[in-house]
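Novice: sequence first, predicted coordinates after that:
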There are 2 protein chains.
Amino acid sequence: MTRAVVPRRGPGRPGYDLESLLAVAVGVFNERGYDGTSMEDLSQRLGISKSAIYHHVASKEQLLALALDRALDGLFEVAADVRRIDAPAIDRLEQLVRGSIEVLVERLPYVTLLLRVRGNTEVERRAMARRRQFDRVVAALVKQAEADGDVRPDVDPAVAARLLFGLVNSLVEWYRPRRDFDSVDISDAVCAIAFDGLRIRRNGRRR
Amino acid sequence: MTRAVVPRRGPGRPGYDLESLLAVAVGVFNERGYDGTSMEDLSQRLGISKSAIYHHVASKEQLLALALDRALDGLFEVAADVRRIDAPAIDRLEQLVRGSIEVLVERLPYVTLLLRVRGNTEVERRAMARRRQFDRVVAALVKQAEADGDVRPDVDPAVAARLLFGLVNSLVEWYRPRRDFDSVDISDAVCAIAFDGLRIRRNGRRR
């Protein structure tokens, strides 16, 4: 995403490319809810006519689809990267968590929108199906790590996978990157707790 | 909450007590968003007139306040119970997590509503202030546990507290109690991961 997010202003009125239009739309969707946002609302917020919006997209639903894919494509790119790593499942799982946090931080409004989707439209249901597909990637890695003897066997892999990504996804609620606490720092904190626990391991060495 | 949740039906039209009216209202708020719900919507869903609703509450905002307090009061009761336990901070922290999960499961729609509050009204801002107060209770316990040498010192206590309750709160998104996986089972899974980590501790004994 190297294209300008700030609208280019021509003489008289702001101009948008698809990228900057999408960024504004996603902000409004997160603020008012997708269902509660009309093309008229978007037109007012953007300061351009509805027909100027229709120059870029066919419908409000297409904006939603583009926004949700922005989040989902990021997550699936991470999953594909992780698949290529030649390492035990537990390490690939950790890389999947770290990569997902990076996507979450870099594409925060898009991931926030994705996590709020409730399946009211066809586009939302498709996004939810892709989320479930991603969840299955996570669950398969947890299961493999458990078979390798690297993950505790007393928590069901599907439950462990949900809890792990529940933890990751909860970041959208409060984490905002700061210079002194960036996405690597928050990844370290999440992985420290999720993989090794909050409690100090007395009488035992860490691996 | 021992009062009837199912509306009592008198001759001709359904009757509600405050409790059952609140239960329906919270369901609609979670479905359409609080801002997106009018008293007219509630009246239609309840099958009673607006003036019949006003017989119970002065305003839509009062319904919201009652609903949010239902969640918050539960959490603060747990915090008060935990304060009375004579045990190290790490154990009180675990009890706070377990008690909070019990509240979340028993009052799921109310806690769901609380977690979605964004501070658009005075009632919401008051609820958010109470949530922050609860977060400070959690953070203080983590800090004490760290001072006791029971919690890893490499994660900031405030961050650890947020991650811990991020994990707990993420349950509203997917966990629904089942006979074979009840609130104690999910508490066990959350505490196993949050306190002791997903990774098996090789070469070391558990405390």
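Specialist: Yep, that arrived. Residues are numbered from 1 along each chain as shown, chains lettered A, B, ... in the order given.
Novice: please identify the buried residues of stretch A:67-83?
Specialist: By 16 or more other CB atoms under 10 Å in any protein chain shown, the buried positions in stretch A:67-83 come out as A:Ala67, A:Leu68, A:Asp69, A:Arg70, A:Ala71, A:Leu72, A:Gly74, A:Leu75, A:Phe76, A:Val78, A:Ala79, A:Val82. Just so you know, the C-beta spots here come from the backbone N, C-alpha and C atoms, and that holds for glycine as well.
Novice: distance to chain B added to the residues you listed, as CSV?
Specialist: What follows is the buried residues of stretch A:67-83, written out as CSV (distance: CB to the nearest CB, whole Å):
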residue, distance to chain B
A:Ala67, 19
A:Leu68, 17
A:Asp69, 21
A:Arg70, 21
A:Ala71, 16
A:Leu72, 17
A:Gly74, 20
A:Leu75, 16
A:Phe76, 20
A:Val78, 19
A:Ala79, 18
A:Val82, 16
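Novice: could you dump the residues you listed to TSV with secondary structure?
Specialist: Output for the buried residues of stretch A:67-83, formatted as TSV (DSSP: H, G, I helix; E, B strand; the rest coil):
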residue	secondary structure
A:Ala67	helix
A:Leu68	helix
A:Asp69	helix
A:Arg70	helix
A:Ala71	helix
A:Leu72	helix
A:Gly74	helix
A:Leu75	helix
A:Phe76	helix
A:Val78	helix
A:Ala79	helix
A:Val82	helix
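Novice: and the residues you listed as CSV, adding pLDDT?
Specialist: Converted to CSV, those look like this (pLDDT from 0 to 100):
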residue, pLDDT
A:Ala67, 98
A:Leu68, 98
A:Asp69, 97
A:Arg70, 97
A:Ala71, 98
A:Leu72, 98
A:Gly74, 98
A:Leu75, 98
A:Phe76, 98
A:Val78, 98
A:Ala79, 98
A:Val82, 98
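Novice: nearest to B:Tyr16 among those?
Specialist: A:Leu68 (38.5 Å; CB to CB).
Novice: the nearest residue to the closest one once chain neighbours are set aside: how many residues sit nearby?
Specialist: Once flanking residues are discounted, A:Leu68 sits nearest to A:Ala127: 4.1 Å by CB to CB, 6 or more residues apart in numbering or on different chains. The tally of other residues near A:Ala127 (other CB atoms under 10 Å in any protein chain shown) stands at 22.
Novice: before we move on, back to that, quick one: which of the buried residues of stretch A:67-83 is nearest to B:Arg131?
Specialist: Nearest to B:Arg131 among those, with distances taken as CB to CB, is A:Ala71, at 26.2 Å.
Novice: distance check, that closest one against B:Asp182.
Specialist: 33 Å (CB to CB, to the nearest Å).
Novice: how about A:Asp182?
Specialist: Taking CB to CB, one finds A:Asp182 at 40 Å from B:Asp182.
Novice: and the gap between the residue nearest to A:Leu68 and chain B?
Specialist: As judged by CB to the nearest CB, to the nearest Å, A:Ala127 and chain B stand 15 Å apart.
Novice: likewise A:Ala23?
Specialist: A:Ala23 sits 20 Å away from chain B, going by CB to the nearest CB.
Novice: give me phi/psi at that residue?
Specialist: A:Ala23 adopts backbone torsions of phi -60, psi -40, taken as degrees, to the nearest 10.
Novice: how many other residues sit next to it?
Specialist: 20.
Novice: surely it touches A:Pro109?
Specialist: Yes. If you go by CB atoms under 8 Å, A:Ala23 and A:Pro109 touch, sitting 7.3 Å apart.
Novice: rewinding a little: the residue nearest to A:Leu68 looks like it's in a helix, true?
Specialist: Yes. A:Ala127 sits within a helix when classified using three-state DSSP.
Novice: got the contact list for the residue lying closest to A:Gly149 once chain neighbours are set aside?
Specialist: In this structure, A:Gly149 finds its nearest non-sequential neighbour in B:Ile200, 6.5 Å apart by CB to CB, 6+ apart. For B:Ile200, the contact set (CB atoms under 8 Å, 6 or more residues apart in numbering or on different chains) comprises A:Gly149, A:Asp150, A:Val151, A:Arg152.
Novice: can you pull out the strands in chain A?
Specialist: A:8-9, A:14-15 (DSSP state E).
Novice: rank the ones you listed by mean pLDDT and give me the bottom one.
Specialist: Per-segment mean pLDDT for those reaches its minimum on strand A:8-9, at a mean of 48.
Novice: could you find the closest non-adjacent residue to A:Ala158?
Specialist: Using CB to CB, 6+ apart, the nearest residue to A:Ala158 is A:Ala139, at 5.1 Å.
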